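Novice: sequence first, then the predicted structure:
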Amino acid sequence: MKTVVVLGGYGNFGKRIVENLAKTAGITILIAGRNNDKAIALAKHLQPKVAAILAPLVIDIFADDFKARLTSLAPFLVIHTSGPFQGQDYRVPNACIECGSHYIDLADDRRFVCDINQLDSKAKEKGVLIVSGASSVPGLSSAVVDHYQNQFSTIESINLAIAPGNKAERGVATVAAILSYTGHPLSVFKGGHWQDVYGWMDSRVNDFGSFVGKRCLANVDVPDLELFPNRYNVSQQVSFQAGLELGILHWTMVGMAYLSKIGIVKSWAPLAKAIVSTSNLFLPFGTQDGAMEVLISGQDHSNKTKQIKWTLYAPKGNGPYIPTLSSIVLAKKLLSNEAFIAKQGVGAIPCAGLFELDDFSHYFDTLGITYQQEMSLDNQVQHI
C-alpha cells in the first residue's frame, strides 16, 4: 500500500487535496501538520465516505528531526502545501529525495519554483520526481498555453489574470505570500526586455465577461513571469495580474503597495493575520464567483495577427479548488500509472509540460467550473 503525506493537510488547500485523493483505493493518506486536533477532525469527517485510509500525523517541517521522521514513514509521495513558500529553503524536497519519495508542492514563490532544478541531479540519482508549482500557476496556466501554442508561428505576448470572488475562502499563508512583495520591484519581460514593475501596482480594470464582469487588477509576482518568456519564445511581454473584487479592498492594497514602494513600510507580510481578519469583515459583500484569464497574442502560420483568450469561471466559492487541481492530477498520475514516470522521467522541475488541458476536464465538470475560448484573427472575433 502506498503512503501519501500531505503537509498542511487540514489547511485551505491541503484539505481539498486530501478530500479528492481519499477517493483512491489502496493508499494511506497521512494528514500532516502541527495541529493534531485539526488533522483528526478532518480524518473523522472524511473517513466514512472515502476509499483510502486516513490518519493524522503531527510533524513540523522546520524541526531538526523532520527528515528522520519522514524517512521512517517511507512515503511514496509527499505533497507540500504549507506556505508561504517565500523565504523557505529546500529542506522538504531535499528530505524527500533522500528518503526516495516523489514530491509535489503548490508553491507560488518565483524563486522557489524557478530554482527547483538545482536539485535535479540529486533527484535523478535517487530516481524520484520533484515538481514545484503544481498550482494555478504555472501548472494550469502552462497547460493552457501549451494547448494553444501550436496555433502560433510567433507568440508576442502572454497576459494572465486571476480574479477571485470576495466570499471565496482565503488562507493566511496565501495572503502573506502576496504581502511579501506588495510594493516591491518585480522583474518582468515587457517591451521586449527585462524591466522592473512594482507588486500590487499598475492597477487596471479587466472585463472577464458576463459571468463576473469587470474586476480591478494589479501586478502579482509568479513563476510564469520568469518561465514563460523562454519556454514560449515570447517576443514582447509576459504579464500576470490579480485583484480583489471589492474596490475598497483592492485600492487599500494599492495604497499599501505605494507605502512600501516609498519606503514607509518595509513589508506588510508580518501583518497577514490581522489583514485577513480585517478583510473577513467584508465577507457579507461581493460574490463567490471567480475567474482566470489567459490571453495569447501573436502571429498565426499565415502571418495573420492572432489572439486567443481562454477564460475560466469558478462559481459557488469553488475558486480555491483551482490551485489544488494540478497537484491532484499529477498525484493521481503518479499513484495509478507506472508508465507516467517512464515517459516523463525523473528529476527536479517546475510544473510545466506535465499534463494536458483535458486532464482537468473531469474536475472542472465536478466542481461546475467552465471555460470559454475566444479567437480573434485580424480583429475578427469568434468563439471556439
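Specialist: On my side now, so go ahead. For clarity, every value in this text was computed on a predicted model and none was experimentally measured. Numbers count the residues shown, from 1 in each chain.

Novice: can you pull out the low-pLDDT segments for the protein?
Specialist: 381-384 (pLDDT under 70).

Novice: now do 90
Specialist: Applying pLDDT under 90 to the chain flags residues 1, 47-49, 83-84, 86-87, 168-174, 176-177, 210-211, 316-320, 336-345, 376-384.

Novice: looking at it, which residue lies furthest from center?
Specialist: Here the chain reaches farthest from its C-alpha mean at Ser302, the gap being 34.7 Å by CA atoms, centre = their mean.

Novice: which residues sit in contact with that residue?
Specialist: Not one residue lies near Ser302 by CB atoms under 8 Å, 6 or more residues apart in numbering. C-betas here are computed from N, CA, C, even on glycine.

Novice: 10 Å - rerun?
Specialist: 153, 377-378 (CB atoms under 10 Å, 6 or more residues apart in numbering).

Novice: for the spatially most central residue of the chain, give me its contacts.
Specialist: In the chain, the centroid-proximal residue (CA atoms, centre = their mean) is Ser135; its distance is 2.6 Å. Listed by CB under 10 Å, 6+ apart, the contact partners of Ser135 are 13, 81, 83, 104-108, 113, 141, 222-223, 322-327, 351.

Novice: do you know how far the residue nearest to Arg110 when sequence neighbours are not counted is from Gly133?
Specialist: Residue nearest to Arg110 in three dimensions, not counting chain neighbours: Pro223, with 5.1 Å by CB to CB, 6 or more residues apart in numbering. As judged by CB to CB, to the nearest Å, Pro223 and Gly133 stand 5 Å apart.

Novice: now do the shared contacts for the two.
Specialist: Residues touching both Pro223 and Gly133 (CB under 10 Å, 6+ apart): 107-110, 112-114, 116, 139, 141-142, 350-352.

Novice: which of those residues fall within helices?
Specialist: 110, 112-114, 141-142 (DSSP state H).

Novice: would CSV of those residues with neighbour count be doable?
Specialist: Below are these laid out as CSV (neighbours: other CB atoms under 10 Å):
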residue, neighbour count
Arg110, 22
Phe112, 23
Val113, 29
Cys114, 19
Ser141, 27
Ser142, 27
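
Novice: burial measure for Leu21, as a count.
Specialist: Here the number of neighbours of Leu21 (other CB atoms under 10 Å) works out to 25.

Novice: for Asn280, that is, sorry about that
Specialist: Residues lying near Asn280 (other CB under 10 Å) number 10.

Novice: hmm, it is touching Gly171, no?
Specialist: No. Counting by CB atoms under 10 Å, no contact exists between Asn280 and Gly171, whose distance comes to 11.8 Å.

Novice: if we can go back for a sec, specify which member of the shared contacts of Pro223 and Gly133 is nearest to Ser187.
Specialist: Minimum distance to Ser187 across the shared contacts of Pro223 and Gly133 is 9.0 Å, recorded for Arg110 (CB to CB).

Novice: contacting residues for the closest one?
Specialist: 85-86, 133, 137, 181, 186-187, 221-227.

Novice: dump the residue contacts of Lys304.
Specialist: Contacts of Lys304 (CB under 10 Å, 6+ apart): 153, 377-380.

Novice: try 7 Å
Specialist: The contact partners of Lys304, taken as CB atoms under 7 Å, 6 or more residues apart in numbering, are 377-378.

Novice: I'd like to know how far it sits from Leu377.
Specialist: 6 Å.

Novice: got any residues that touch both of the two?
Specialist: By CB under 7 Å, 6+ apart, no residue touches both Lys304 and Leu377.

Novice: where do the helices sit along the stretch 151-300 of the chain?
Specialist: Along the stretch 151-300 of the chain, counting by DSSP state H, counting those that start in this stretch, helices occupy 172-181, 224-231, 247-261, 272-280.

Novice: tilt between the last one and helix 247-261?
Specialist: Meaning helix 272-280. 150 degrees (axes from the mean of the first three to the mean of the last three CA atoms, to 10 degrees).

Novice: and helix 272-280, C-alpha only, in PDB?
Specialist: C-alpha atoms of helix 272-280 as PDB (Å, rounded to 0.1, in the frame of the first residue of the first chain):
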ATOM      1  CA  ALA A 272      -1.000  38.900   7.400                       C
ATOM      2  CA  LYS A 273      -3.200  37.500  10.100                       C
ATOM      3  CA  ALA A 274      -4.600  40.900  11.100                       C
ATOM      4  CA  ILE A 275      -5.200  41.900   7.400                       C
ATOM      5  CA  VAL A 276      -7.100  38.600   6.800                       C
ATOM      6  CA  SER A 277      -9.200  39.200   9.900                       C
ATOM      7  CA  THR A 278     -10.000  42.700   8.800                       C
ATOM      8  CA  SER A 279     -10.800  41.600   5.200                       C
ATOM      9  CA  ASN A 280     -13.200  39.000   6.700                       C
END
